[in-house]
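Chemist: Okay, sequence plus prediction incoming.
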Amino acid sequence: MEWTAEDMEKRKKLAYHYSQILELLGEDTSREGLLRTPDRVAKAMMFLTKGYRQEPDQILSSAIFIEDYKQMVIVKNIDFFSLCEHHLLPFFGKAHIAYIPNNAVTGLSKIPRIVDVFARRLQIQERMTTQIKDCIQKTLNPLGVMVIIEAQHLCMQMRGVEKQNSITTTSDFTGAFNQAKTREEFINLIRS
Ligand SMILES: [Zn+2]
């Protein structure tokens, strides 16, 4: 990512606060292994939240092509990494997205990119699912869109609240996906 003067100023402030946090946690911030940690964490956190400074609608609208194709378009197994807004711990997994074009398709690489934009914000899985669906519906105006997200949440796994390896699945859809048959077709295609 490119660092503007404003970004560098923020990074400095974040590093200062992370240094305070380490002290509050009982650490000695002057020991060698931790000397650059506050700045590294600041830099990492700014990267992991860069989605706030990106416009997913613009990314999709920048590559719309008129095409008389009315079958399902599926992009499956999109890896993503996000941070839960309740614990600032990672949740990560795969997103599967299908839409049925209504004379407009988008460049296939744009779909994973918008997943990335929404993932690189503080999130909850449910909201992220709906935001991706809304973004595609709004910009491409398809006959229907469906988003399925499967994720593991470290805030559950590391804190032992739930069984290890449990996977949370969320889904949301519009239009043609209101029909069970259409949803089944999508689900069969992502399982195959
Ligand atoms: Zn959490």
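Modeler: Yep, that arrived. Just so it is clear, the model here is predicted, and its values are computed rather than measured.
Chemist: how about the nearest residue to Met45, chain neighbours excluded?
Modeler: Excluding its sequence neighbours, the residue lying closest to Met45 (CB to CB, 6 or more residues apart in numbering) is Leu14, at 6.4 Å. To be clear about C-beta, it is placed using only N, CA and C from the backbone, and glycine gets the same treatment.
Chemist: What is the burial count for that neighbour?
Modeler: For Leu14, the tally of surrounding residues (other CB atoms under 10 Å) stands at 18.
Chemist: so it, which of the three states?
Modeler: At Leu14, secondary structure determined by DSSP: H, G, I helix; E, B strand; the rest coil is helix.
Chemist: so what's it scoring on pLDDT?
Modeler: Leu14 is assigned a predicted lDDT (pLDDT) of 98.
Chemist: before we move on, what about the one 3 residues further on?
Modeler: As predicted, His17 sits at a pLDDT of 98.
Chemist: For it, give me phi and psi.
Modeler: Main-chain torsions, His17, degrees, to the nearest 10: phi -70, psi -40.
Chemist: Run a quick neighbour tally on it.
Modeler: Residues contacting His17 under the criterion other CB under 10 Å number 12.
Chemist: Check whether the lowest-mean-pLDDT helix or strand in the chain comes into contact with the ion.
Modeler: When the helices and strands of the chain are scored by mean pLDDT, DSSP states H and E, helix 154-157 comes last with a mean of 90. Yes - shown here: helix 154-157 in contact with the ion (CB under 5 Å from the ion) through Cys155.
Chemist: which helices and strands sit right next to the helix or strand hosting Met128?
Modeler: Secondary structure assignment for Met128, by DSSP states H and E: helix 125-140. If you count contacts as 3 or more CB pairs under 8 Å, 6 or more residues apart in numbering; DSSP states H and E, helix 125-140 packs onto helix 56-61, strand 90-100, strand 104-106, helix 110-119, strand 144-153, strand 168-173.
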